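next input, structure requested:
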Amino acid sequence: MTLCRTSRSVAGLVLSLVLTACSVDEYEQPIRDFSAATTSADKALGSYSQIVVEEVTKVRRAEASARPVAVQIARGDCLGDSARCRIVILRKRDEPDPRLLVPEQPIPTILSLMSEIKKYSDGLQAIVTADTKSKVEKSVDSVNGNLLNLAKLAGSDTKAFGNFATPAGEAVKWLFGVYIDSVKLHALRTATRNADPLIADAEPIFEEAMKQASNVTRDSLAETVSVRHDAYRQSESDADLTSLLQAAKTYDAILTAKPELIFHEFRLAHANLTKALNNDKVTWDQAFASLTVLKTDADQLSNIVSDLLTAAEKERS
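Numbers count the residues shown, from 1 in each chain. Next up is the predicted model:
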C-alpha cells in the first residue's frame, strides 16, 4: 500500500499547501498500530522499572535483617514538617551517604519520556478520529504541547517547530470530506516531522538511563544468585535448591529481555512512520514491519516482567 499522492480541485485552484484526495482509511491503521505499539512499550518499561525497585529492595532488606542496627530514618525525614519519610541502611556508623532501604525510582527520565511519547501517540490517534477541522486543530494543539515537553526532557531545540496551518482556504470548503482528510494528513505529517528529531535526541538519554538501571538490577540479582547458591551448597536441601533455581530464572529472564532495545526500536518505527506519511522512500509495508517488531518485543518484555513480579509477590507471601 502506498500513500495517496496530491491532487488539485477541478476548479484549478493552485494551493501552496495542496489538498490530498486520499481517504483517512489509508493512514488510519498505521497510526492505530503506532499507538498500540507505543502503549506496549510504555507498559513494558514501566513494569521493568518496577522490577528494578523490587529486586534492589529485596537485597537491601536482606542486608537490613542481617544488620538491624544499621537501619535508621534518613536525616531530617519523617518529622512533622518534613518533605519526605525514608528509611536508610548504613554500611558503617556515621556513614555520610547511606543507601535507601526502598530505592527511589531508578529510571524516572525513561518514564517521563515514555509518558510524553504516549500522550503524543494518543494525540495522533485523536487527529485521525477527529471529524471536523476544529477538532483536528485542538488535537494538534495537544500534540504540540506534548512535543514541547518532550523537547525539554531531551534537551532539544524547539525553534524549528512548524506551526500548524490548514492546507486550504475558504474556497475549497465545499469539498468537505476531502478537505477534512487533507487537514488530518497535513497535521499528521507536521506532527511526525516535528517529533522525529526529538525522539532521536531522546535515544542517547534513554540508553544511558537504562544502562544505569540495568547495572543496578544485574548487581542485585547476581548477589541474590550467589547468596542462594552458597545456602544450597551448605544445606543441599530441596527448599534452598528451589530458591536458587528461582533466583537464576529471574536473573536469566532479565538478561535475555534486553529492555534497552525497546526505545531504539521505537525510534526506528517512528522514523519509518514519518517517512511513509511524507512519501519519503519508505513503504507502508516497511512501516508496518518496524511497528510489529516494536510491539512484539515490548509485549515480550511485559510478559517477562509480569511473571517476575508475580513470582516476587508469591515469594513475599
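
avg pLDDT for the longest helix seen in the chain?
Ordering each helix of the chain by length in residues (DSSP state H) puts helix 176-235 first. Confidence for helix 176-235, expressed as mean pLDDT, is 83.

which strands or helices does that helix pack on?
Under the contact criterion of 3 or more Cβ pairs under 8 Å, 6 or more residues apart in numbering; DSSP states H and E, helix 176-235 touches helix 25-66, helix 108-129, helix 133-154, helix 238-257, helix 260-277. C-beta: built from backbone N, CA, C; applies to glycine.

which among those is found nearest to residue 192?
helix 260-277 (4.0 Å; Cβ to Cβ).

quick check: next helix or strand after that closest one?
helix 284-316 (DSSP states H and E).

quick check: angle from that following helix to helix 260-277?
With axes from the mean of the first three to the mean of the last three Cα atoms, to 10 degrees defining the directions, helix 284-316 sits at 150 degrees from helix 260-277.

helix or strand for residue 72, just tell me which one.
Assigned by DSSP H and E, residue 72 belongs to strand 71-73.

other SSEs contacting that strand?
If you count contacts as 3+ Cβ pairs under 8 Å, 6+ apart, strand 71-73 packs onto strand 87-89.

show the average pLDDT along the strand it packs on.
Average pLDDT, strand 87-89: 77.

rewinding a little: got TSV for the helices and strands packed on helix 176-235, with mean neighbour count too?
Formatted as TSV, the helices and strands packed on helix 176-235 follow (neighbours: other Cβ atoms under 10 Å):
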stretch	mean neighbour count
helix 25-66	19
helix 108-129	21
helix 133-154	19
helix 238-257	16
helix 260-277	22
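
the ones you listed: lowest mean pLDDT?
helix 25-66 (a mean of 79).

and that one, what does it pack onto?
Contacts defined by 3+ Cβ pairs under 8 Å, 6+ apart place helix 25-66 against strand 87-89, helix 108-129, helix 176-235, helix 238-257, helix 260-277, helix 284-316.

what residue is smack in the middle of the protein?
For the chain, residue 114 is the residue whose C-alpha lies nearest the centre (Cα atoms, centre = their mean; 3.3 Å).

surely that residue meets residue 47?
No - counting by Cβ atoms under 8 Å, residue 114 does not reach residue 47; the two are 11.5 Å apart.

with adjacent residues omitted, what lies nearest to residue 139?
residue 126 (4.0 Å; Cβ to Cβ, 6 or more residues apart in numbering).

ok, that neighbour - contacts?
Applying Cβ atoms under 8 Å, 6 or more residues apart in numbering, one finds that residue 126 lies in contact with 135, 139, 142.

from those residues, pick the one nearest residue 29.
The closest of the contacts of residue 126 to residue 29 turns out to be residue 139 (Cβ to Cβ; 18.1 Å).

distance of the closest one from residue 273?
Here the criterion is Cβ to Cβ, to the nearest Å. By it, residue 139 lies 17 Å from residue 273.

same thing with residue 227?
Computed as Cβ to Cβ, the residue 227 to residue 273 distance reads 46 Å.

what of residue 279?
In this view, residue 279 and residue 273 are 13 Å apart by Cβ to Cβ.

and what of residue 34?
In terms of Cβ to Cβ, residue 34 sits 6 Å off from residue 273.
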